[in-house]
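Enquirer: Got a sequence here, can you build the structure:
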Amino acid sequence: MSARVDHGVTSGTFSLDGQTFDVDNNVWVVGDDNECVVIDAPHDVDGILAVVGDRKVKAIVCTHAHDDHVRVAPQLRERVVAPIMLHPDDRPLWELTHGDSETGDHLWDLDLADGLRIEVGGTALEVLHTPGHAPGAVCLYAPDLGCVFTGDTLFHGGPGATGRSYSDADLIVQSIRARLFALPDDTVVHTGHGEDTTIGAEKAALG
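Expert: Have a look, this model is predicted:
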């Protein structure tokens, strides 16, 4: 079975720095007919599982730890019995949503690291550490599928927001230029919110 990308949208809220906003989040599921990985866990477990179907979930891979991307990750983990993966630099943001604990029971299961390959359904996702929107923000490049999952690092129209705690406007642009703009121009960008774009389109727009 050949690997593919499936997509859904869930709706909820994003809260940080004492403010809350209504948001729609993309749900991306990568795999074949038998197994898959879920990219981010926003808002609604049942909405995510509707995209997964009856496949075995190998991992829940979080692009970063803002609450609209990880809020239901622990519940999803229980439902599908799969590990949560997150870059450890995002622990402060994770703990804003899920609290801190001496035991570590509340944490994710496996650390993401730059260059890590996550294999699923006969293809692989390569982890690109792209800090800026969040310290542990990552993008997931799928060369076989000609796409990259950018979370909130790069959108149709430019870089993700950096006006809140734990973000850095200069660093996100550096990450995008060094890591994402090195990908082929025709690479499709699947974002955390909103519509797709391409590396080439965003490279031209950012200059």
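Enquirer: And the residue positioned nearest the centre of the chain, how close does it get to residue 75?
Expert: The centroid of the chain falls nearest to residue 63 when counting by Cα atoms, centre = their mean (2.7 Å). Per Cβ to Cβ, to the nearest Å, residue 63 is found 18 Å from residue 75. Glycine gets a C-beta too; all of them are placed from N, C-alpha and C.
Enquirer: Just the strands from the protein, written as ranges.
Expert: 4-16, 19-31, 35-39, 56-61, 84-86, 110-111, 117-120, 123-129, 138-142, 147-151, 154-155, 158-159, 188-191, 197-198 (DSSP state E).
Enquirer: would TSV of these with distance to residue 207 and mean neighbour count be doable?
Expert: Output for these, formatted as TSV (distance: least, Cβ to Cβ, whole Å; neighbours: other Cβ atoms under 10 Å):
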stretch	distance to residue 207	mean neighbour count
strand 4-16	29	16
strand 19-31	26	18
strand 35-39	29	24
strand 56-61	31	22
strand 84-86	32	23
strand 110-111	34	14
strand 117-120	32	16
strand 123-129	21	20
strand 138-142	20	25
strand 147-151	18	27
strand 154-155	14	24
strand 158-159	10	16
strand 188-191	17	21
strand 197-198	15	20
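Enquirer: Quick check: the closest residue to residue 159 other than its chain neighbours vs residue 154, distance?
Expert: Closest residue to residue 159 apart from its sequence neighbours, by Cβ to Cβ, 6 or more residues apart in numbering: residue 172 at 4.9 Å. For residue 172, the distance to residue 154 (Cβ to Cβ) stands at 9 Å.
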